[in-house]
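> Sequence and predicted structure below; questions after.
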Amino acid sequence: MTSVARTTGGYRAGELTVHRVPAEVHAVSRALRGAGRRVALVPTMGALHDGHRELIRHARLLPGSTVTAVSIFVNPLQFGPNEDLSRYPRPLEADLEVLREEGVELAFVPSVDDMYPPGAQTRIVPGPLADELEGAIRPGHFEGVLTVVGKLFQIVAPEIAIFGEKDYQQLVLLQKMVRDLNFPLSIVGVPTVREPDGLALSSRNAYLSDEQRTLAPLLQKALTEGAAVSARGADAVLARARDVLAAEPALDVEYLELRDPELGPTPATGRARLLVAARLGTTRLIDNVPVQL
């Protein structure tokens, strides 16, 4: 069993150091910055897959003297009362082995009490966008996301944070939080990593039955077929995507929308984003693709 440090531990170049205590990680990060290094943070909830590996590799390829840090924390604030917090996978030993394989040097693995001490009540409240799309289906979700990520930014003190584009609304809201609250860091979005059949990688894909797994790539198929007719305008994009989704009755579509890149109203021309959420049985899947109208 890997020992997760609870006392002050140092940074060792080229070797994974694992810490739980927020003050400890903050001290290591400050020391690195004082020595001319910069920290790139990849926040995760664990159950690491190839999509996470791609985020880590992106961080490690950044120019300059950069230390890659990965946080692993299943954040209870972003789960609704009927969501899968209790069964969300937590394979810590396997996750730490992934970090070693990818050359990560700093891991932050806090407990719930480490992140939310008894009596903690302060939250980061996002703007109106947090109540649309995912927020309309999962009330309070983005308040939980922004609160935990804001805390991670304060604790780890990165100069760069890496997020995947699969959770596109999350990415947009985090970029807005960084601008609005003057966090001294930059957010980098990395394109979605997919299975060979097009399904976006997600820790929740493990919940799919064999039959559901064969149907799940229809989300990406609908999006790409919609994007393929973008020269005909927004209505054509949405109509084509709806036709693909409607052909499979097992897919319970929650939303299919075309927005501008900041998730404002649909533009008449130019860059846009086509987003979908659907359920297969009890498993909820989301995906998105860029569109040029």
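Thanks, I have the structure now.
> can you list the domain ranges for the protein.
Per the record, the chain has its domains at 17-190, 203-292, by the TED database.
> Of all those, which one comes closest to Asp197?
domain 203-292 (4.5 Å; CB to CB). Glycine gets a C-beta too; all of them are placed from N, C-alpha and C.
> quick one: the closest one to chain centroid distance?
Averaging C-alpha positions (CA atoms, centre = their mean, to the nearest Å) puts domain 203-292 18 Å from its chain's average.
> What is the end-to-end distance of it?
Domain 203-292 stretches 29 Å from its first residue to its last (CA to CA, to the nearest Å).
> how about the helices of the protein, start to end?
22-34, 50-60, 92-101, 112-115, 134-137, 141-156, 168-180, 210-215, 218-228, 234-246 (DSSP state H).
> How about Pro43: what's its closest non-neighbour residue?
Ser71 (4.9 Å; CB to CB, 6 or more residues apart in numbering).
> right, and the one you found touches Val104 too?
No - with contact defined as CB atoms under 8 Å, Ser71 does not reach Val104; the gap is 10.7 Å.
> wait, what's in contact with Ala130?
His141, Phe142, Glu143, Leu146, Leu173 (CB atoms under 8 Å, 6 or more residues apart in numbering).
> so which of the helices of the chain comes closest to Ala277?
Comparing these by CB to CB, helix 134-137 comes nearest, at 6.7 Å.
> separation between Ala231 and Pro267?
Ala231 sits 14 Å away from Pro267, going by CB to CB, to the nearest Å.
> Contact partners for the residue of the chain positioned farthest from its centre?
Seen from the C-alpha centroid of the chain, the residue lying at the greatest distance (CA atoms, centre = their mean) is Arg232, 31.9 Å away. Arg232 makes no contacts at all, as judged by CB under 8 Å, 6+ apart.
> 10 Å instead, please
Going by CB atoms under 10 Å, 6 or more residues apart in numbering, Arg232 touches Ala239, Arg240, Leu293.
> quick one, phi psi at the residue nearest to Glu143 when sequence neighbours are not counted?
Once flanking residues are discounted, Glu143 sits nearest to Arg123: 5.5 Å by CB to CB, 6+ apart. Arg123 has phi and psi values of phi -130, psi 160 when expressed as degrees, to the nearest 10.
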